[in-house]
Every structure is written in structure tokens, then in C-alpha cells.
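Engineer: Pasting a predicted model and its sequence here:
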Amino acid sequence: MPSERRKISLIYFVIVTLLLVGLVPLVLTGWFLSDKSGRELRSAENRYQIQLVQEKARQIEIFGKRFGSLVTSLSTALELAHDPTVISSAQTEAKLASLLRENPDLVALYVKPANADSFSVFRSEALSRTDVDAISSDANLSSGKLTIGEPSQAGAGGQFVMTFSSAVTINGSSAAKIVAIASLKEVSQSVVGLNATKNADLWNAGLPIIFVVDQNGEAVFHPDPIFTASRQQMGYLRIVQEWLESGTQVQSALVPFTAGFNGKDHAMIGAYSTAQIADGYSFGVITMQDEAKALASVGEMRTQTWLISMAFALFALVAGFVGARFMTAPLLKLVTAAQQIAAGDFAARVETKNMTEIGTLGETFNVMTDKIEDQIANLAKAAAENRELFVGTVKALAAAIDGKDKYTRGHSERVSRISVAIGKRMGMDEPDLDTLRMSALLHDIGKIAIDDAILKKPAALTDEEYEIMKSHPKAGYKIMSQIPAMKDFLPGMYMHHEMVNGKGYPQGLTGDQIPLQAKIVSVADTFDAMTIDRPYSKGMDLPSALERLRSFVGTRYQSDVVEALIDACNAGEVANGIVRQMAEKRAAEEKMDAILDRLVA
């Protein structure tokens, strides 16, 4: 008796393999840690961008509220005096001079009484009296208490200023106009930086570019003075578009986008925040930076990780390949058998002899395959039985509805056959045809909720009765939508009375809004109804019915669906209603004769 061939235990190969490739988890851990560090760096950069624009926006808001409050407070103080002469008094002028001294960014205060000459206090090194008068005269008052003017250049130095205006109302009438002219130099330097820097230099350095735009997307503050001097339109940048579209509804947001520089598109990270200076008047504070340069350290970290990983991986692959090659051979046989089973070949079996554990696994695998093969056969049989039961139930339900009126008996079954014939002509695959068949069988299920007096009426329906009859698609949908298995059949059932011109019901859908399933059932339903005799009308012959259907193309029906029905009729795949009624009657009579013959026998 030959001795049994000794099998090598798999545990030895597992131990050797773990020793050889034990470094791989360490390498992967290093990679994941670097990736996590990169994500954290990106998150930190994103938080920095958001915090930066929020801080800059608050600086602008404080600037605007400070001078807005100054003007409105001065206006309110003069109003509380209830004496127009106080406006032009020396005391008021002294107060203006005091306010000018206390506010370094304030370059001028201008007062124009209603019935007296204007007077002003100003910083002569910044503006002349002529400049003050010109700027203040252009400051229009709105219906509100405070009006803020657009930033503009003024004075010999061409510095940017902004006006804050308020009306003084005494005894119900306008007594004066107060205008504060504030310099934007300090707040501009605080927001975008102290030193003027060319835009190209900022791009090349990879530094964040911070700028401010008004509600028209024009540059108000920018590190590059050229942008500010020309009030350059910045709306070409996606991040500026985002802010303009959001208005003041979004106070701050992070926006990834692309921007062009030197003929190339660059992935950017940026953020914007809204500086609300006054009701209805705001600036957008924008920051953006080249993503590659902002996250350069992430790339370096990943490069180093890749180099280390490649070195260790190469060593592990060489050493592991030699040791694992023999171990994987029987496993490959098992994999091949599993793939054959996954492909549907349940007769596949495994034979392994060189390892105890794999031999046992192979035997267990073969037993499992036998069980699976038996279970698949049982499931296939059960599925076929369930399918037959489901189809039979649907047919019985449809027949029960059709049977309420002798003139519509078999209608749902006929519509189902016609729909399938159309679907085949239109190139539908088998699963879609099966869905279409069930949908057509159930298309009139909602008539179960219609009163028999209307449903069986042997004459044309009144308008009121017709409205009730039109509710049957909704009723059917309400019934069947509660059953999850009916989901795919609902379009044909619910929408088979929709028209492509939008004059159908229940939703008034048009064109492509109507599912193809519903369009097909609609044509099949109408064709069967047109070719069946009714108490108040005789069924049409086939040519007349098809011609009539063609006349509705573009209004009720879609052209390719009607043409598919006509092709099916010409090919003898669809018979008209009268022929079908006679055939069904003969079949019913023959079935009854067969039953009687069995009973007699």
C-alpha cells in the first residue's frame, strides 16, 4: 500500500510571508499619515483663508460704522437742538473741528444749511476747499438717514476717499446736509498690505492675494495700485462671481476655482467675506492663492513618502514573490473554481493535494458548491413559480376590472399585447418589455374606484361624469404606489392619458416629460378602444383606426410610437379589436365546450 503523500502545513508559509512583507504595513501607515497631514494642512489653510477674509471684512465694517455713526450722531445732535440757526453757529463749527482732530482718517466735514452758505473744516494737506465743495456737492442723499458714496480719488495726491452723508431734519423739513469725507488709505493698507506690490510678483511668489471689490465687482482695494486706480472689473474671476451672486446672504465661504496667469490655468483656493458697511451697501473681501504653491509642503512630503515606500516595496516584492509563489499555486486553483461558479458554472470543483489546510478547504468548497447548485435550482424554480403567480394575479386583477363592463372584457390583456408589439418594434430589450407588459395590464386598475353607474353607462359620459372618469389614473397610482414591487409599472399606469402637447391628464406633462412606457400604453389603449364595438359607437376598421391615430401625432401621441404600431399591424403582429373580440369569443366558447365535455364524460 503506497504511503500517503505528506502535505506541508500552510502555517509555515504564512509565518514566512508575514516576516517578509511585515514592512508593508509600516510603509502604508507612513503614507496614510502623510496623507492625513496633507489633509490637515489643507484644512488649516482653508481655515486661515476664511479667518483672514473675515478679519479684513470686520476691519472695513468697523471703518464704515465708525464714520457712519459719526455723521448720523452729528445729524441727530443738530436735530435735537430744534433750532436751524444752531447749524451755522460757531459752536457747531468748533465741534466739527474737534471731530476732525480726533479722527485721523477723517479729511473733511462739510455742512450745507438749507438757507445759508455752506461751511467746512478739512485737512489742507489732503484736500483743498474746492475739492471738499466738489466732493460734497456730488454726495446725494437717499431716503434713508445715512448715504454712503462710492470710493473716488481726490486731492492733489490722488488719494481715495469715501463720503458719508446725512440729512438734518427740523420740524419736518430738511434743514441741512452733513457730509464726512474719510480717507481710505489706512484701512486699505490694513486690508491689502502696506507696500504696493505688482500682481505678477504676488503670483510668482505664490502669496495670498487679498483685494476688495464693490457691488459691481470693481476693485476698491488691491495690492497692485494699477487695479485700484483704474477700478478694474474683477468679475472675470469665479470667486468674485460667487460673491456677486450670493450678495450679502453668505457672510463668508471657501471657493475652489481656476484662474489664468501667463497663459495657464491654475487651480486656486480662496475665500470671500462680506463687509456690510450699511444697509444695502457692502464690499466683498476676496483672498486667493495658487493651490499648488500654498500646499507645496504636502507635495514634498508625499514625494519623500513615495521614495521610501518604493524602496521598501521593491524589497518586499522580491522577497515575497519567491516565498509566496509556491503557496499561491493551490489557492489559484481555488480562485479559478470560484470564478467559474461566479460565472454560472456550478459544476466546477476543486482538487488540491499538496497542503493539508487547502485540501480541507477544497473539500469544504466542493460540498458548498453542491449545496449552492441545489439551492440555485430550488430558487430558480421558486422564482418561476412566484413569477407565474404574480403575472396570474395581475391578469386576474385586470380581468376583474375589465369584467365590470362586457364591452371592455379582455381590454387590459389586449392593450398589454399591443404595447409589447410596439415595444418590440422600438427595440426594447426583454426586461423593459416585461415591465411594459405589466404596466399595460394594470393601466386601468384605478377604475376599481369608479362608480359602476359611470363605468357601465351605455351612452356617452356627461362632463361631470367624464371628470370623475379622469380620476382613475390617480386612483390607480394611489393604490399601487403603496406596493414597492409595483414601482417600475407606475409610469404607464399613471400617465397613459398624458398628451405630448400638454393637454392630457392628470399632470399635463409635455413631450419628453412623459415616460416612453406611458406613451406606448396610451397609443395601445386608444387603438384598442377605437377598434372595439361600444353601445354608442361601432369599432373602426384597421386602416381607418391607423389613419386616425396618425392624425393625432404631435398633439396627443409621439410619431415613432404610432409608426411602430402601424409597422406591427402591417406585419400581422397586431389584429384590430373586432377580429380579437371574435377570436376571444371563439376561444371562450371552445374552452366552455371542453369543460362541458369533461363533465359529461
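Structural biologist: That came through fine.
Engineer: When you work out contacts or count neighbours from here on, use the C-alpha atoms and nothing else.
Structural biologist: Will do.
Engineer: Any stretches of the stretch 1-150 of the chain with poor pLDDT?
Structural biologist: 1-31, 34, 142-144 (pLDDT under 70).
Engineer: let's see 80
Structural biologist: 1-39, 41-42, 139-145 (pLDDT under 80).
Engineer: can you pull out the helices in it?
Structural biologist: Shown for the stretch 1-150 of the chain, the helices assigned by DSSP state H, counting those that start in this stretch span residues 10-21, 23-80, 90-102, 129-138.
Engineer: In the helix or strand harbouring residue 434, which residues are buried?
Structural biologist: For residue 434, the element it lies in under DSSP states H and E is helix 430-441. Within helix 430-441, the residues that count as buried by 16 or more other CA atoms under 10 Å are 433, 435-441.
Engineer: got those as CSV, with pLDDT columns?
Structural biologist: As requested, these are exported to CSV (pLDDT from 0 to 100):
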residue, pLDDT
433, 91
435, 89
436, 90
437, 87
438, 85
439, 86
440, 87
441, 84
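Engineer: and the nearest residue to residue 290 once chain neighbours are set aside, what is it in contact with?
Structural biologist: Closest residue to residue 290 apart from its sequence neighbours, by CA to CA, 6 or more residues apart in numbering: residue 268 at 4.7 Å. Residue 268 is in contact with 256-259, 288-292, counting by CA atoms under 8 Å, 6 or more residues apart in numbering.
Engineer: Any idea which of the helices of the stretch 1-150 of the chain gets closest to residue 516?
Structural biologist: Shortest separation from residue 516 across the helices of the stretch 1-150 of the chain is recorded for helix 23-80, at 47.1 Å, computed as CA to CA.
Engineer: and that closest one, how far from the chain's centre?
Structural biologist: 28 Å (CA atoms, centre = their mean, to the nearest Å).
Engineer: what pLDDT does residue 309 get?
Structural biologist: Here the pLDDT value assigned to residue 309 is 63.
Engineer: what sits up against stretch 58-68?
Structural biologist: 146, 164, 180, 182, 187, 191, 275-278.
Engineer: coming back round to it: any chance of the helices of the stretch 1-150 of the chain in CSV, plus mean neighbour count?
Structural biologist: Listed next are the helices of the stretch 1-150 of the chain as CSV, based on neighbours: other CA atoms under 10 Å:
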stretch, mean neighbour count
helix 10-21, 14
helix 23-80, 17
helix 90-102, 15
helix 129-138, 16
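Engineer: which outside residues touch the helix holding residue 434?
Structural biologist: Contacts for helix 430-441 (CA under 8 Å, 6+ apart): 391, 394-395, 398, 412-413, 415-417, 419-420, 423-424, 488-493, 517, 521.
Engineer: among these, which ones are buried?
Structural biologist: Buried among the contacts of helix 430-441 (16+ other CA under 10 Å): 394-395, 398, 412-413, 415-417, 419-420, 423-424, 488-493, 517, 521.
Engineer: Kindly confirm my reading that residue 164 is in a helix.
Structural biologist: No: going by DSSP: H, G, I helix; E, B strand; the rest coil, the assignment for residue 164 is strand, not a helix.
Engineer: Select from the contacts of residue 268 every entry located in helices.
Structural biologist: 291-292 (DSSP state H).
Engineer: From the contacts of residue 268, list the buried ones, please.
Structural biologist: 257-259, 288-291.
Engineer: Just the ones in strands from these, please.
Structural biologist: 257-259, 288-290 (DSSP state E).
Engineer: For the strand or helix carrying residue 520, what is the distance to the chain centroid?
Structural biologist: Using DSSP H and E, residue 520 sits in helix 516-530. Mean-position distance between helix 516-530 and its chain equals 34 Å (CA atoms, centre = their mean).
Engineer: same deal with stretch 282-299?
Structural biologist: 26 Å.
Engineer: which other residues reach stretch 227-236?
Structural biologist: 213, 216-222, 240-241.
Engineer: between the longest strand along the chain and helix 23-80, how big is the angle?
Structural biologist: Longest strand of the chain, by residue count under DSSP E: strand 264-278. Put simply, strand 264-278 runs at 30 degrees to helix 23-80, going by axes from the mean of the first three to the mean of the last three CA atoms, to 10 degrees.
Engineer: Quickly note the distance from residue 285 to residue 372.
Structural biologist: 66 Å (CA to CA, to the nearest Å).
Engineer: Same drill for these two, tell me which one is more crowded.
Structural biologist: Neighbours per residue, other CA atoms under 10 Å: of residue 285 and residue 372, the larger number sits with residue 285, 30 against 14.
Engineer: How about that one: what's its closest non-neighbour residue?
Structural biologist: That would be residue 212: by CA to CA, 6+ apart, it lies 4.6 Å from residue 285.
Engineer: In contact with that neighbour: list those residues for me.
Structural biologist: 219-222, 283-286.
Engineer: Shouldn't it be within a strand?
Structural biologist: Yes: counting by three-state DSSP, residue 212 is found in a strand.
Engineer: how about the strands in this protein?
Structural biologist: So, for the chain - with DSSP E - the strands run 106-113, 119-122, 146-148, 152-154, 159-170, 173-183, 209-213, 219-221, 252-261, 264-278, 281-290.
Engineer: Check the gap between the residue lying closest to residue 110 once chain neighbours are set aside and residue 93 for me.
Structural biologist: In space, and not counting its chain neighbours, residue 110 is closest to residue 120: 4.3 Å by CA to CA, 6+ apart. Using CA to CA, residue 120 is found at 8 Å from residue 93.
Engineer: And residue 519, by the same measure?
Structural biologist: For residue 519, the distance to residue 93 - CA to CA - is 83 Å.
Engineer: And residue 129, by the same measure?
Structural biologist: 15 Å.
Engineer: Please apply the same query to residue 541.
Structural biologist: When residue 541 is compared with residue 93 (using CA to CA), they lie 102 Å apart.
Engineer: quick one on the thing from earlier: restricted to helices, list the buried ones among the contacts of helix 430-441.
Structural biologist: 394-395, 398, 412-413, 415-417, 419-420, 423-424, 490-493, 517, 521.
Engineer: residue boundaries of the helices in the stretch 501-601 of the chain?
Structural biologist: Using DSSP H, counting those that start in this stretch, helices in the stretch 501-601 of the chain cover 516-530, 542-551, 559-570, 577-600.
Engineer: tell me what the shortest one is packed against?
Structural biologist: It stands for helix 542-551. helix 516-530, helix 559-570 (3 or more CA pairs under 8 Å, 6 or more residues apart in numbering; DSSP states H and E).
Engineer: Residue 110 is in contact with residue 118, correct?
Structural biologist: Yes: assessed by CA atoms under 8 Å, residue 118 is found in contact with residue 110 at 7.3 Å.
Engineer: Give me the more crowded residue out of these two.
Structural biologist: residue 110 (24 against 15).
Engineer: What spatial separation is found between that one and residue 190?
Structural biologist: Residue 110 is 27 Å from residue 190, by CA to CA.
Engineer: Same question for residue 528.
Structural biologist: 80 Å.
Engineer: between these two, who's got more neighbours?
Structural biologist: residue 528 (24 against 13).
Engineer: right, and that one touches residue 414 too?
Structural biologist: Yes: the pair residue 528 and residue 414 passes the contact test of CA under 8 Å, sitting 7.2 Å apart.
Engineer: Would you check how far apart residue 522 and residue 542 are?
Structural biologist: In terms of CA to CA, residue 522 sits 17 Å off from residue 542.
Engineer: Same drill for these two, tell me which one is more crowded.
Structural biologist: More crowded of residue 522 and residue 542, by other CA under 10 Å: residue 522, with 25 against 21.
Engineer: The more buried one reaches residue 493, doesn't it?
Structural biologist: No: at 9.5 Å, residue 522 does not count as touching residue 493 under the criterion of CA under 8 Å.
Engineer: Identify the residue spatially nearest to residue 82, adjacent ones excluded.
Structural biologist: In space, residue 82 is closest to residue 170, 5.9 Å off (CA to CA, 6+ apart).
Engineer: What's opposite the one you found in the beta bridge?
Structural biologist: residue 173 (DSSP bridges).
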